[in-house]
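Participant: Structural data only, the sequence is not supplied:
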């Protein structure tokens, strides 16, 4: 089966599941796609187990298992999804909440990493599972950043104030770049390939973040200047595509943060570019193109996330660790956002701010992609299965209930 065949099958499934959901179930797209992926993976695994000898189900399981999910997410899809998501965010609103976004995307990620990592190590000790402190903190690092794809999808379902919407969106867009650097350092330490030097680690995070921001800003200003010189929507759509993939690839080559670079580029094109460099017709085409990219790739990503069930190891002795991890991740998130929640509650009369900021911090495919890059071993087995459990809980439980929860507080405020 070629890569084209596989892409055709997955896109056909996205279309079919999307139609069934809109026609009959009316679930959030992310929830519907994950459920479809889980159901499909479960049926394939059951068919492979029940039907003796070589069969089509077993072959499909092998094909899915052989798919490079981390490369698909981090190498191919992330640039498009981050750029598309950033284009829909108001830069003016982000500026007003810059301190909250910046602190949650940096100090918040580090604090959550410590809380989750420490708690998971203690739990694994109690359950007599082979998880050392360094590997526990690796899990804390990969699960602490909120997933921009899942968060942006959830925010669109909820009726949030501009303040909470901007904080959730901005934090999710920027904390991935920080989280990936922290994760890389944690893996190096856990694997024995590095030592813990807090000053060096903080410096590395700062260099990658500032480098990514500078690259994204410079490249986007250059492209926006080019757009001002012409009025051709096809060319300007092409320029936006080139910008998205170009800054992501160049950031990788320069060893700066690709996610931050592409987010900054998307913010600039979606705000300054739309306002000063595009005619009304071009705005409609650029906005429409990236909205479609966002919707289609989001649906595909969540379907693939569910299908990854076929590669995740499951053992009954891990269940206690999964439950503890889910509780730890939610608790750590609530602790991290509590100061800002209290501030928004007092200063801006945002009812339920802490709960909404906590429950709206979803985790998704990026965390699973990072877990799948870990080296083989007992720690990888535990971390991979636990990450999958947390991500599925987050997308299904939090993603499905966040909209009604936000609407409830909005209704109370209106009343």
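Facilitator: Yep, it's here. All of these numbers come straight from a predicted model, not from anything done at the bench. Residues are numbered from 1 along each chain as shown.

Participant: where do the helices sit along the stretch 1-150 of the chain?
Facilitator: 3-20, 29-50, 56-66, 69-70, 78-87, 91-96, 98-103, 109-126, 133-143, 148-157 (DSSP state H, counting those that start in this stretch).

Participant: again, but for the stretch 201-350 of the chain
Facilitator: 233-254, 258-268, 274-276, 280-307, 319-347.

Participant: one step back: quick one: which of the helices of the stretch 1-150 of the chain is nearest residue 203?
Facilitator: helix 109-126 (14.0 Å; Cβ to Cβ). In this view, the C-beta of every residue, glycine as well, is placed from N, C-alpha and C.

Participant: Any idea how far that closest one is from the middle of the chain?
Facilitator: Centroid displacement of helix 109-126 relative to its chain, using Cα atoms, centre = their mean, to the nearest Å, is 21 Å.

Participant: Please apply the same query to stretch 116-136.
Facilitator: 24 Å.

Participant: Check which residues of it are buried.
Facilitator: Neighbour-count burial for stretch 116-136, with 16 or more other Cβ atoms under 10 Å as criterion, is recorded at 116-121, 123-124, 129, 131, 134-136.

Participant: Also stretch 376-391?
Facilitator: Neighbour-count burial for stretch 376-391 [16+ other Cβ under 10 Å]: 379-391.

Participant: Mind putting the residues you listed into JSON lines with distance to residue 69?
Facilitator: Putting those into JSON lines (distance: Cβ to Cβ, whole Å) gives the following:
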{"residue": "379", "distance to residue 69": "19"}
{"residue": "380", "distance to residue 69": "14"}
{"residue": "381", "distance to residue 69": "16"}
{"residue": "382", "distance to residue 69": "18"}
{"residue": "383", "distance to residue 69": "15"}
{"residue": "384", "distance to residue 69": "11"}
{"residue": "385", "distance to residue 69": "15"}
{"residue": "386", "distance to residue 69": "17"}
{"residue": "387", "distance to residue 69": "12"}
{"residue": "388", "distance to residue 69": "11"}
{"residue": "389", "distance to residue 69": "16"}
{"residue": "390", "distance to residue 69": "16"}
{"residue": "391", "distance to residue 69": "12"}
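
Participant: Pick out whichever of the residues you listed sits closest to residue 297.
Facilitator: Using Cβ to Cβ, residue 391 comes nearest to residue 297 of the buried residues of stretch 376-391, at 17.5 Å.

Participant: With residue 384 as the reference, measure out to the closest one.
Facilitator: 11 Å (Cβ to Cβ, to the nearest Å).

Participant: so residue 252 sits right up against residue 261, yeah?
Facilitator: No: the pair residue 252 / residue 261 is not scored as a contact, 9.4 Å apart, by Cβ atoms under 8 Å.

Participant: And the two? Which one has more around it.
Facilitator: residue 261 (35 against 15; other Cβ atoms under 10 Å).

Participant: My guess is the more buried one contacts residue 210. True?
Facilitator: No: using Cβ under 8 Å, residue 261 is not in contact with residue 210; the gap is 10.8 Å.

Participant: Name the residues contacting each of these two.
Facilitator: Counting by Cβ atoms under 8 Å, 6 or more residues apart in numbering, residue 261 and residue 210 have no common neighbour.

Participant: tell me the domain ranges of the protein?
Facilitator: Listed domain ranges for the chain are 3-66, 69-414 (source: automatic domain parsing).

Participant: Comparing these, which stretch has the densest surroundings?
Facilitator: Among the domains of the chain, domain 69-414 has the highest mean neighbour count (mean count of other Cβ atoms under 10 Å), at a mean of 20.

Participant: what's the model's confidence in that one, averaged?
Facilitator: The pLDDT scores in domain 69-414 average 91.

Participant: what's the straight distance from one end of stretch 273-280 to the other?
Facilitator: End-to-end span of stretch 273-280 (Cα to Cα, to the nearest Å): 12 Å.

Participant: Tell me the gap between that stretch and the middle of its chain.
Facilitator: A distance of 29 Å separates the C-alpha centroid of stretch 273-280 from that of its chain, computed with Cα atoms, centre = their mean.

Participant: For that stretch, which outside residues touch it?
Facilitator: The contact list for stretch 273-280 (Cβ under 8 Å, 6+ apart) reads 220, 223-225, 227-228, 231, 233, 236, 240, 283, 286-287.

Participant: Any chance of those in CSV with distance to residue 256 as columns?
Facilitator: Converted to CSV, the contacts of stretch 273-280 look like this (distance: Cβ to Cβ, whole Å):
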residue, distance to residue 256
220, 15
223, 18
224, 21
225, 22
227, 24
228, 27
231, 33
233, 31
236, 26
240, 21
283, 30
286, 26
287, 28
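
Participant: In three-state terms, label residue 374 for me.
Facilitator: Classification of residue 374 by DSSP: H, G, I helix; E, B strand; the rest coil places it in coil.

Participant: Tell me who's in contact with it.
Facilitator: 138, 187, 380, 383-384.

Participant: if you set the cut-off to 7 Å instead, what comes out?
Facilitator: 187, 380, 383 (Cβ atoms under 7 Å, 6 or more residues apart in numbering).

Participant: So residue 211 sits against residue 252, correct?
Facilitator: No: the criterion here is Cβ atoms under 7 Å, and residue 211 misses it with residue 252 at 11.4 Å.

Participant: hmm, back to that, with respect to residue 91, which of the buried residues of stretch 376-391 is nearest?
Facilitator: Compare each of these with residue 91 using Cβ to Cβ and the shortest gap goes to residue 391, at 29.4 Å.

Participant: Name the helix or strand for the closest one, please.
Facilitator: Assessed by DSSP states H and E, residue 391 sits inside helix 378-393.

Participant: Can you pull out the residues in contact with that helix?
Facilitator: 34, 129-131, 135, 138-139, 142-143, 312-314, 318, 321-322, 325-326, 329, 363-364, 367-368, 371-372, 374.

Participant: just checking, next helix/strand downstream of that helix?
Facilitator: Heading C-terminal from helix 378-393 (DSSP H and E), you reach helix 399-414.

Participant: I appreciate the help and will end here.
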